[in-house]
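>>> fold the following for me, if possible:
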Amino acid sequence: MGLFGNKSEGGLMDVIRCDEQEYLVWKWRPSGEANSTKRENAIRYGSSLRVKDGELAVFVYQQKDGSMQDFIVGPYDQTIKTANFPVLSSIVGAAFGGASPFQAEIYFINLSGNVQVRFGIPYFDVFDPRFLDFAVPMAARGTITFNLTDYKAFIKLNRLINFELEDFNKQIKDAVTKYVKGVITNIPADKGMPVLQMERKLLEINEIIASYLKPRLENDFGVNMKGFDLATIEVDKESEGYAELRKVTAEQTTKTTVAQTDVNIKNLEDMQGINALNMEETLRIQREEAQRAQKLQTETQNISAHQLNQQTEVAKTAAESMGKMGAGGSGGTGGGMMDPGSMMASMAMGGAVGSGMAGAVGGMMQGMNEQKQTPPPPPPQVQYNISVNGQQSGPFGWQQLQQMVQSGQITKDTYVWKQGMANWELAGNVQELSSLFGAVPPPPPPPPAP
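Predicted coordinates for the structure are as follows:
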């Protein structure tokens, strides 16, 4: 704080400025004394005001209707004029010719400097919500950095008169201690964080506390929190609560691990049993299918033999009928000649019967053949990459390849490759893909010329 001249009523004009290096709020006193009087607060209109960049000068006028304030933000170096002081213009009358003094307290506020406060919180109990019988003592240390940005909110929340930075920092420190302690105490329940892991979660806890502190410092003290650094969370590992909690969590972890291992083994055994049952069921189905196919083949052979026997019987009956017709003709009036009409009728009847039997047997055979037909095998499960004009794409499955062949995107001259092939190969040379191109119709003929 500098000396700005020995001023008395009607003396020299004042030079109002702040020469302090480290401060947050500093009150200007023209006489340099610790306490101001109304006489010393009588500022002569026309005095010089100097406000550095990053500073704010606050003129406080105590009037009958309450305090009024003018704010001058630096940089500013001019003579005090009513044009720059809206409140002052209503106080200083023109009747005195601009030489009348006015009562005001002047405060300088540092808007550019940062204030750092260190804090240390002694051991306090933290409980794991799963084991509320064990209190674990914890301590915390760190720093908080703040500055002033909203000076009107700061002035509204804090008294400028007799402002002491040390006292203000103590208030900040007490508030930070309260908030940090409260957040750490509730983190295990709010965030599901085990107490024994909190030392390793320092960065995560730091972010939680910072997000909680910032709005509260702004609302309670009018300061802007620029940074919060939680340096350490220290656990009292010699305490009984820590030892008991560590023991019970270790036992629980062991039991959980054993139980999970048992579950995994049981699941593995169940899976193996299911696989074995599936294998047995598959083999049973295969055996039944083989037996059914063998039975069907045997029945087919029996039906073929029966069909042949029936045809033989029909032919035999027809032959006998023809013989009887011949015998009957020799003793009759026909002079021993065979009746051609009867012979043809017998042959026709025998052929019809044989054809009918053959048709019936053939129909039965066709039905049985249809029953024993199995669906066609599924297309091979292929995964090929293709290269078109030097651009590689894929891999593509069988249906995708089939669609691409049908749309003309892939031809026999398209290079393909899949895992296991040494080099790219033309699609037409890959045996696995040959069926893709067999069903592709040739390109349509060109339209007729007009």
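>>> ok, now which ones touch the spatially closest residue to residue 168 that is not a sequence neighbour?
Using CB to CB, 6 or more residues apart in numbering and skipping the chain neighbours, the partner closest in space to residue 168 is residue 24 (6.7 Å). The way it works is simple: take the backbone N, C-alpha and C, and place the C-beta from them, glycine included. Residues near residue 24 by CB atoms under 8 Å, 6 or more residues apart in numbering: 109, 110, 113, 115, 148, 163, 165, 168.
>>> wait, isn't the second one in contact with residue 54?
Translated: residue 110. Yes: under the criterion of CB atoms under 8 Å, residue 110 makes contact with residue 54 at 6.9 Å.
>>> looking at these two, which one has more neighbours?
The residue with more neighbours, out of residue 110 and residue 54, is residue 110; 22 against 13, by other CB atoms under 10 Å.
>>> for the more buried one, what are its contacts?
Counting by CB under 8 Å, 6+ apart, residue 110 has contacts 23, 24, 25, 26, 54, 55, 148.
>>> and the fifth one, how far from residue 155?
Right, the one you point to is residue 54. 17 Å (CB to CB, to the nearest Å).
>>> now swap in the third one and tell me
Computed as CB to CB, the residue 25 to residue 155 distance reads 9 Å.
>>> which neighbours do those two share?
With CB under 8 Å, 6+ apart as the test, residue 25 and residue 155 both reach residue 109.
>>> which SSE is residue 109 in?
strand 105-110 (DSSP states H and E).
>>> show me what secondary structure element comes after that strand.
strand 115-128.
>>> mind listing residues that contact that following strand?
24, 134-147, 165, 169, 172-173, 176-177, 180-181, 184-185, 188, 194-196, 198, 223, 236, 241, 245.
>>> now the residues you listed: which count as buried?
24, 134-142, 144, 146, 169, 172, 176-177, 180-181, 184, 188, 195-196, 198, 223, 241, 245 (16 or more other CB atoms under 10 Å).
>>> just the ones in strands from these, please.
Judged by DSSP state E, strands contain the following of these: 134, 135, 136, 137, 138, 139, 140, 141, 142, 144, 146.
>>> can you pull the pLDDT of the residue lying closest to the fifth one once chain neighbours are set aside?
This means residue 138. Once flanking residues are discounted, residue 138 sits nearest to residue 126: 4.9 Å by CB to CB, 6+ apart. You'll see residue 126 listed with a pLDDT of 94.
>>> same thing with residue 91?
At residue 91, pLDDT is 71.
>>> quick one: it and residue 127, what's the gap?
60 Å.
>>> wait, what's in contact with residue 210?
Contacts of residue 210 (CB under 8 Å, 6+ apart): 225, 228.
>>> in which helix or strand would I find it?
Going by DSSP H and E, residue 210 is part of helix 202-221.
>>> how far is that helix from where the chain is centred?
26 Å (CA atoms, centre = their mean, to the nearest Å).
>>> contacting residues around whichever helix or strand comes after it?
Following helix 202-221 in sequence order, the next helix or strand is strand 224-235 (DSSP H and E). Contacts of strand 224-235 with the rest of the structure, by CB under 8 Å, 6+ apart, involve 114, 136-150, 180, 184, 196, 198-199, 202, 205-206, 209-210, 213-214, 217-218, 242.
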